[in-house]
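Participant: just coords:
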């Protein structure tokens, strides 16, 4: 299961959230922010490639589709193995920045693994290439952008495009924009906590 050198917190909790960090970050950095979201089993895999003092899922500084697709495939295998070992039905998926992009794609394309997904200050890459199935309608997605984000401003992320694209294929998506930068503010965290609670059995 440890293909990504994953960090696990609250391993005896009933519900699992797989958390995907952003470019140049680490599971440890992300853990400090996400563990305030509730009593969940947090599984934080580490991106396979070392960048900018941390790790990433692929190189966003150049076209790197090969590593992007390889990371997505490996994450699907990772979550599948996690599901088998931990015995859950479907997990939550939460991604920050680059991690959000992968979370959107995996949640829509592999609904048998993911119940709901949260993307924080991320984007939806190649929406035209999403492989949607009838089961994708069972997934709920929360897309969050920051109105003060200078790294990925809303005009770049096209946050409304995430909502419109997913609604067009009958995937449930809620878009929220908070007055924050490239981060997860306290207000944002409180909203995510409530949202996860509504989708927890």
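Facilitator: Perfect, thanks for sending it. Worth saying up front: this structure is predicted, and the values here are computed from it rather than measured.

Participant: where in the chain is pLDDT low?
Facilitator: 1-3, 63, 155-160, 201 (pLDDT under 70).

Participant: can you rerun that using 90?
Facilitator: By pLDDT under 90, the low-scoring segments of the chain are 1-5, 49, 51-53, 59-68, 123-130, 152-170, 200-201.

Participant: ranges for the helices of it?
Facilitator: Taking DSSP state H as the criterion, the chain contains helices spanning 27-34, 65-86, 98-109, 154-157, 159-168, 186-198.

Participant: turn these into CSV, including distance to residue 123 and mean neighbour count.
Facilitator: C-beta coordinates here come from the backbone N, C-alpha and C atoms, glycine included. Converted to CSV, the helices of the chain look like this (distance: least, CB to CB, whole Å; neighbours: other CB atoms under 10 Å):
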stretch, distance to residue 123, mean neighbour count
helix 27-34, 18, 17
helix 65-86, 13, 16
helix 98-109, 6, 26
helix 154-157, 4, 15
helix 159-168, 8, 17
helix 186-198, 17, 15
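
Participant: ok, residue 131 to residue 106 distance?
Facilitator: 11 Å (CB to CB, to the nearest Å).

Participant: follow-up on the earlier one: dump the helices of the chain into CSV; add distance to residue 119 as well.
Facilitator: Output for the helices of the chain, formatted as CSV (distance: least, CB to CB, whole Å):
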stretch, distance to residue 119
helix 27-34, 13
helix 65-86, 14
helix 98-109, 3
helix 154-157, 10
helix 159-168, 7
helix 186-198, 11
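
Participant: so which residue is smack in the middle of the chain?
Facilitator: In the chain, the centroid-proximal residue (CA atoms, centre = their mean) is residue 95; its distance is 2.5 Å.

Participant: and that residue, what does it touch?
Facilitator: Contacts for residue 95 (CB atoms under 8 Å, 6 or more residues apart in numbering) come out as 19, 20, 101, 102, 103, 104, 117, 118, 119, 120, 122.

Participant: as TSV, those with distance to residue 185 would be great.
Facilitator: Below are the contacts of residue 95 laid out as TSV (distance: CB to CB, whole Å):
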residue	distance to residue 185
19	17
20	19
101	20
102	22
103	19
104	21
117	20
118	14
119	15
120	10
122	15
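
Participant: distance between stretch 89-105 and the chain's centre?
Facilitator: 2 Å (CA atoms, centre = their mean, to the nearest Å).

Participant: can you give me the first-to-last residue distance of that stretch?
Facilitator: 19 Å (CA to CA, to the nearest Å).

Participant: picking up where we left off before, closest one of the contacts of residue 95 to residue 77?
Facilitator: Closest to residue 77 out of the contacts of residue 95 is residue 102 (13.3 Å), distances taken as CB to CB.

Participant: which among the helices of the chain is found nearest to residue 178?
Facilitator: Across the helices of the chain, closest to residue 178 is helix 186-198 (CB to CB), at 4.7 Å.

Participant: against which helices or strands is that closest one packed?
Facilitator: strand 114-120, strand 140-146, strand 172-178 (3 or more CB pairs under 8 Å, 6 or more residues apart in numbering; DSSP states H and E).

Participant: which residues sit against that helix?
Facilitator: By CB under 8 Å, 6+ apart, helix 186-198 touches 17, 33, 36-38, 40, 92, 94, 116, 118, 120, 142, 144, 146, 174, 176, 178-180, 184.
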